[in-house]
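Participant: A predicted structure for the sequence below; I have some questions about it.
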Amino acid sequence: MLPWKRVLRPLAALLLTAAAVTVPATTAQAAGAPGSGWNSGWNDYSCKPSAAHPRPVILVHGTLGNSVDNWLGLAPYLKVRGYCVFSLDYGQLEGVPFFHGLGPVEKSAGQLKDFVDKVLAATGAAETDVVGHSQGGMMPRYYLKFLGGAAKVNALVGIAPSNHGTTLSGFTHLLPYFPGAADLLAKNTPALADQVTGSAFLTKLNAGGDTVPGVRYTVIATRYDEVVTPWRSQYLSGPDVRNVLLQDLCPVDLSEHVAIGLLDRVAFHEVANALDPARARPTTCASAFE
């Protein structure tokens, strides 16, 4: 008997990927269309939130990412839906261009704090919503918990976030076998060391509970994540938490750690639902083509 599922699954995944690659380009063009009221980019400090979307959205890139490349898919997706969208660079290391999110996570949370204040001052909004990928979904939790961010953030949406660290598909278990490797990692790329499962930073972050009152949390994970592992470690526990597995929304979606944040429109649709739960619509495989 022909194994139809094995044949159809890659085909469906290919179609989803094609949609993810082609539709965002159309969306970006629509966002900059004459008379639309939006330019083709984001970080527009003249943008004023609408009654439908009263909170600006701040996008927080992941480790080795930056404020542009990480959001070439999601930023236009949100802008064309009427959101004021902003993104920041954080965790820069001296002499390392483009690849950010490498500095100590605690210090990066301070940079996020300053950026949130800047966006709120420019837009006149009382609160913001934060969407982050990988480290960018975890790091804001430090801001919420220790730097007063809970009073300024309505919702945090983490796409494949490193909430409880990572074993990096088991590679971090090898560090003790290489004397000095852990110290070298902590010295040269502090954010990587901070995200290793069981690190001092994560122990502090998660002590006393994953969440803080007054903030809604959404985690969107993929079972094919090869970077933040095991993937269930991304989930949060506590009040006002919604943990979502991408494959529960679309079983044939094969996105891994990078793709879920860069180009997966099924994940983007669920982000939009998390930002506006009152208008949420079911997310399915067909959401890739909306």
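Facilitator: Arrived safely.
Participant: residues in contact with the helix or strand hosting residue 203?
Facilitator: Taking DSSP states H and E as the definition, residue 203 sits inside helix 200-206. By Cβ atoms under 8 Å, 6 or more residues apart in numbering, the surrounding residues in contact with helix 200-206 are 104-106, 138, 141-142, 145, 163-165, 194-196. Using the backbone N, CA and C atoms, a C-beta is placed for each residue, glycine as well.
Participant: same question for stretch 41-55.
Facilitator: With contacts defined as Cβ under 8 Å, 6+ apart, stretch 41-55 is touched by 32, 38, 56, 59, 67, 71, 75-76, 79, 81-87, 122-125, 127-129, 154, 275-276.
Participant: how far off centre is it?
Facilitator: A distance of 19 Å separates the C-alpha centroid of stretch 41-55 from that of its chain, computed with Cα atoms, centre = their mean, to the nearest Å.
Participant: that one: which residues count as buried?
Facilitator: Buried residues in stretch 41-55, counted by 16 or more other Cβ atoms under 10 Å: 42-43, 47, 49, 53, 55.
Participant: equivalent analysis for stretch 65-82, please.
Facilitator: Buried residues in stretch 65-82, defined by neighbour count with 16+ other Cβ under 10 Å: 65-67, 70-71, 73-81.
Participant: what's residue 57 in contact with, if anything?
Facilitator: Residues near residue 57 by Cβ under 8 Å, 6+ apart: 78, 83-86, 128-131, 275.
Participant: quick one: which of the residues you listed is most hemmed in?
Facilitator: Within the contacts of residue 57, residue 131 tops the neighbour count with 30 neighbours, counted by other Cβ atoms under 10 Å.
Participant: is that one in a helix, a strand, or coil?
Facilitator: Following DSSP: H, G, I helix; E, B strand; the rest coil, the label given to residue 131 is strand.
Participant: got it, and residue 41?
Facilitator: Remark: residue 41 carries the secondary structure label coil [criterion: three-state DSSP].
Participant: if I look at it, how far off is residue 77?
Facilitator: The gap separating residue 41 from residue 77 is 13 Å, by Cβ to Cβ, to the nearest Å.
Participant: now swap in residue 51 and tell me
Facilitator: Computed as Cβ to Cβ, the residue 51 to residue 77 distance reads 21 Å.
Participant: return a PyMOL selection command for the buried portion of the contacts of helix 200-206.
Facilitator: Buried members of the contacts of helix 200-206, defined by 16+ other Cβ under 10 Å, are picked up in PyMOL with:
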select buried, resi 104+105+106+138+141+142+145+163+164+165+194+195+196
